Structures are given as structure tokens and as C-alpha cells.
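Visitor: have a look; sequence and predicted model below, questions after that.
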Amino acid sequence: MATKKKQLELFADAAPTKEFFISMLTRDIGLIRAIIDLVDNCLDGGLRQRKDGNLKGLTVRIEFDKRSFKIMDNCGGISINIATNYAFRFGRPAGHKATKHSVGQFGVGMKRSLFKIGTKFKIKSSTRTSSFSMDEDVKKWEKSDKWTFNLKDVDDKTKRTADETGTEIVVSGLHSSVKDEFGLETFASRLTEEIEAAHQQSLAAGLAISINKVPLTHRPTELLSSKSLVPGQKKLKFETKTTSPIYAKIVVGVARSQPAVAGWYVFCNGRMVLEADQSILTGWGDGAGTRMPKYHNQFARFRGFVYFDSDDAGKLPWNTTKTGVDTDSRVYKSVRETMLVMMRPVIDFLNKLDGEKDTPDSQPFTVAVDQAVLNPVKDTKTKAAFVAPKAPKRRGKANSAETGRIAYDKPVDEIERAKEALGVTSQREVGERTFAYYLEMECD
């Protein structure tokens, strides 16, 4: 009886080279966003210490020049267990217990940031019960077959006070592009603006951040409100089978007329991922202009805020660079529909407000907005839907010798088409010409 030959098994090597891995890891993130990721890690350390969310007394100091980059914090440090098993892994291994309500959940932020900035990095970190240091040359690490980093000066015996804890990271061997950006006079101001925006809620909670010894300031989000002008708010909850629920809070209203800052703002666990969005991503122009108009400067007062929160940050609808939302997320799709519903009455009001430009003798909506008061969003009283001021009732009855006012709202893109067809420049002229056309064609 013939014996069956054993088939020879061969394997194709699919392991990535480190050079390729680093190139792909850093390609889709800019330098400023990479630095903000490091701030995210500091914040997560603070959240592990301050479970009540009060961050007063915690600091993050950023310093840079053409030779090196430093970031130092007193946010509790990295434990030896986290350092050896999680912090320097590429991705989050199964069974890892992430910091609740964290912002650095993807497991790539710190490594990607270090690779983005330079070719050498040193880390010193101390918790209340342990400390370690690390000194790596990325060029040498690339040539090694090992995917590990060496921990040095490990100490798990010395006890420290809370004030003695923290992490210091120094990156040298800066990439030429990084040196160039650090040398620009505008870089520090741009970095300041983006960190102040991304971490406005952390700054409000007391976290002190400085760049080259200049402290950052908290920029509160604000809405106009009064007895007749009330922002709308809605809260949603999404249950999951295996993890913590996801909460969403939507707030809409009006503020100062500023085209550059109008639009939607989206936060995930307090970290802003969308700022002043005026695209279809948040509903502008949805339905080819028939349901929601495209953004136009007459909506420069519109402000919308969406706050997603969950103990399991990995379930929130943001991308890995934290620069946008995951449009495929079931949660985001559901919340976006509610955003559109809540947005509609604000848009209707702003259309009426814009229409008053053609009626200088009667501007009740303009007066109502001028008399409203700006308040931080968190302190503003809200209702289930946006409440707009009502136009005063007209007294008396018009006769044939008097004039009356006709007003109606239409999508902005349709009005612009009518202006072009009629050869006029104002909405008032559109109304007058179309009314005259109807009289001539249908009544005369």
C-alpha cells in the first residue's frame, strides 16, 4: 500500500519592516496634532489621579527650539506595569483596562508622536510607587529585530508624594521639517491656538498648560440667551452589549456674527475633534439644499455643540488622529439626524433675521438679539428645542390704500438662483419682482 507523501509547508514573510512601519504610522498626522497627542497622554495620567475630573494643580509644560522638544507633566506618571505591558505597545492588547473616559485610547499616540518629531528620545517617569527611564535611538532600533524598548533605572521600592510624580519626555535628532517649523515665528501661536481649542474643557477643569513658559488660556464656548431667545438642548443615550453606554448631548443656538467660528463643534470625552464645521459632514447642504441650506455667511451666528462621552473611549465616533468623526459610526449617524432636527429652527430664525435688513423701520428680531446676553454654554439655560423671539402682532386692519408686508423663507441656494434669473441683488427685490410677476400673469 502506497504511503501518502507529506505536503511541504512554506510560509511567506508578511512582517513589516520598521522603516516602513514608522513611515506609514506618521504619514497621516501633522506635527501640531502629534504634539497634541502627547498632551492627551498627560491628560489621561491626570484623569487616573483625579477621577472627579477636577484638574486643578496639574500642569503640562511644552518647550522647544531647533535642537530639541520637551514635554513635562506632574500628572501621576507611568507605572512600570503600564510601561512594560501597554504604553509602548502598538495598539491596545486584549484585556487592557483603559483609563475611564480617556482621550488617548488608540495605542499609537505617544509612539507616533515621538517618531514624528525626531530620531532620539529620552523618557523619565515616576509614580508614587515606581519609576523608570528610557533612552532610545530610533535609527538603531530600526535595525534591530526586536520590537521592544529597554527600560532603565527601574525602581519599585522608593515611595513618593503626589507632587514628586510625573513624566518628562525629551526628543532630539529633530527631523529637518520639524526644525523648520520650530524655527517659524508663527509656530508657537498656531500650536497655542490648536491646543486651546482641542483641550478647552481640560483647561476649564483646571489643567495648566504652557508653551515655552507662556501659559495657555481657556476660551469658553458661549451662546446668546434671554427670556425670548433660548438655546435648545437634547440628551441621548446609546446602550452597548459589552461596554459602557455612550452619551451624547446636543446644544444649538446663536452667538456673535463671526463667519470663521460659526458651525458645529464636536467633542469626544472632552477632546474637540471638529471645530466650526460648515460642511455636509454635520448636515449643511443635506438633501441638496432642500432640507438644510449650505453654509452661508447669513448663518454666521449659528453655533452647535455635540458632546460625546463614554467610559470606553474606543466606542466614540472619532478617527485615530482625533481630527474628525467616524461617519460610518452607527452612533454618529443617529446623532446627526437629531442635529438636523435641532438645527432647523435656528436656521429659520436666522433667515428671518437676515430678512430684516430690507425693513429698517421694523427689526424686532435684530433688537431681540442685540438685547440677549452671552453666557458660557455650560451655564446657559436651555429648552428641548431652540426658542426664537416672536414678531410683534400688527395692530389695526389694512385697507386698499395701505400696504402690507409679505414674508416667507426659502432655501438660500434657491434664492440665489432667483436673484440671478431676475438680475437683482437683494432678497427684497426677489420678493417684489416675483409678486409683480404673479399679479401680471395670474391676476391681471
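Guide: Good, I have the coordinates.
Visitor: name the nearest residue to the residue nearest the centre of the chain, ignoring sequence neighbours.
Guide: Nearest residue to the geometric centre of the chain (C-alpha atoms, centre = their mean): V273, 1.9 Å. Residue nearest to V273 in three dimensions, not counting chain neighbours: W318, with 4.8 Å by C-beta to C-beta, 6 or more residues apart in numbering. The C-beta positions use only the backbone N, C-alpha and C, and glycine is treated the same way.
Visitor: Y307 now?
Guide: K249 is the one closest to Y307 (C-beta to C-beta, 6+ apart), at 4.5 Å.
Visitor: again, but for R271
Guide: Here the residue nearest R271, using C-beta to C-beta, 6+ apart, is V103, at 4.3 Å.
Visitor: hmm, K322 and that neighbour touching each other?
Guide: Yes. Between V103 and K322 there is a contact at 7.5 Å, judged by C-beta atoms under 8 Å.
Visitor: compare neighbour counts for the two and give me the winner.
Guide: Between V103 and K322, V103 has the larger neighbour count (other C-beta atoms under 10 Å), namely 28 against 23.
Visitor: quick check, the more buried one in a helix?
Guide: No. Counting by DSSP: H, G, I helix; E, B strand; the rest coil, V103 is not part of a helix but coil.
Visitor: relative to L38, how far out is the residue nearest to R271?
Guide: 12 Å (C-beta to C-beta, to the nearest Å).
Visitor: same question, Y307
Guide: Distance from Y307 to L38, counting by C-beta to C-beta: 24 Å.
Visitor: can you check I32 too?
Guide: According to C-beta to C-beta, I32 stands 11 Å off from L38.
Visitor: those two: which is more packed in?
Guide: Using other C-beta under 10 Å as the criterion, I32 and L38 rank with L38 on top: 25 against 17.
Visitor: tell me the pLDDT at that one?
Guide: At L38, the model reports a pLDDT of 93.
Visitor: am I right that it is in contact with I169?
Guide: Yes. The pair L38 and I169 passes the contact test of C-beta under 8 Å, sitting 6.9 Å apart.
Visitor: which neighbours do those two share?
Guide: I71 (C-beta atoms under 8 Å, 6 or more residues apart in numbering).
Visitor: could you pull up the mean pLDDT of the longest helix along the chain?
Guide: In the chain, taking DSSP state H as the definition, the longest helix is helix 330-355. Here helix 330-355 scores 94 as its mean pLDDT.
Visitor: what's the answer for stretch 118-137, then?
Guide: The average pLDDT within stretch 118-137 is 94.
Visitor: then stretch 366-384?
Guide: The average pLDDT within stretch 366-384 is 92.
Visitor: check which residues of it are buried.
Guide: Within stretch 366-384, the residues scored as buried using 16 or more other C-beta atoms under 10 Å are T366, A368, V369, A372, N375, V377, T380, T382.
Visitor: and for stretch 343-351?
Guide: M343, R344, V346, I347, F349, L350, N351.
Visitor: switch the residues you listed over to JSON lines; also include distance to S68.
Guide: Formatted as JSON lines, the buried residues of stretch 343-351 follow (distance: C-beta to C-beta, whole Å):
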{"residue": "M343", "distance to S68": "46"}
{"residue": "R344", "distance to S68": "52"}
{"residue": "V346", "distance to S68": "48"}
{"residue": "I347", "distance to S68": "50"}
{"residue": "F349", "distance to S68": "52"}
{"residue": "L350", "distance to S68": "49"}
{"residue": "N351", "distance to S68": "54"}
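Visitor: tell me where the model's unsure across this protein.
Guide: Applying pLDDT under 70 to the chain flags the ranges 1-7, 13-16, 87, 89-99, 104-109, 288-290, 393-403, 422-424, 440-442, 444.
Visitor: go with 50
Guide: The chain contains residues with pLDDT under 50 at 106, 397-401.
Visitor: any idea which element V154 lies in?
Guide: Assigned by DSSP states H and E, V154 falls within strand 152-155.
Visitor: could you do I62 as well?
Guide: Secondary structure from DSSP H and E places I62 in strand 59-64.
Visitor: helices of the stretch 251-400 of the chain, residue ranges please.
Guide: 330-355, 364-371 (DSSP state H, counting those that start in this stretch).
Visitor: with distance to E63 as added columns, please give these in JSON lines.
Guide: As requested, the helices of the stretch 251-400 of the chain are arranged in JSON lines below (distance: least, C-beta to C-beta, whole Å):
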{"stretch": "helix 330-355", "distance to E63": "37"}
{"stretch": "helix 364-371", "distance to E63": "44"}
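Visitor: tell me which residues of the helix or strand that contains V430 are tucked away?
Guide: Taking DSSP H and E as the criterion, the element that holds V430 is helix 427-438. Of all the residues in helix 427-438, those buried under the rule 16+ other C-beta under 10 Å are Q427, V430, G431, R433.
Visitor: between those residues, which is closest to E193?
Guide: Nearest to E193 out of those is Q427 (C-beta to C-beta; 35.7 Å).
Visitor: check contacts around the closest one.
Guide: If you count contacts by C-beta under 8 Å, 6+ apart, Q427 has them with D354, G355, K357, D358, I415, K419.
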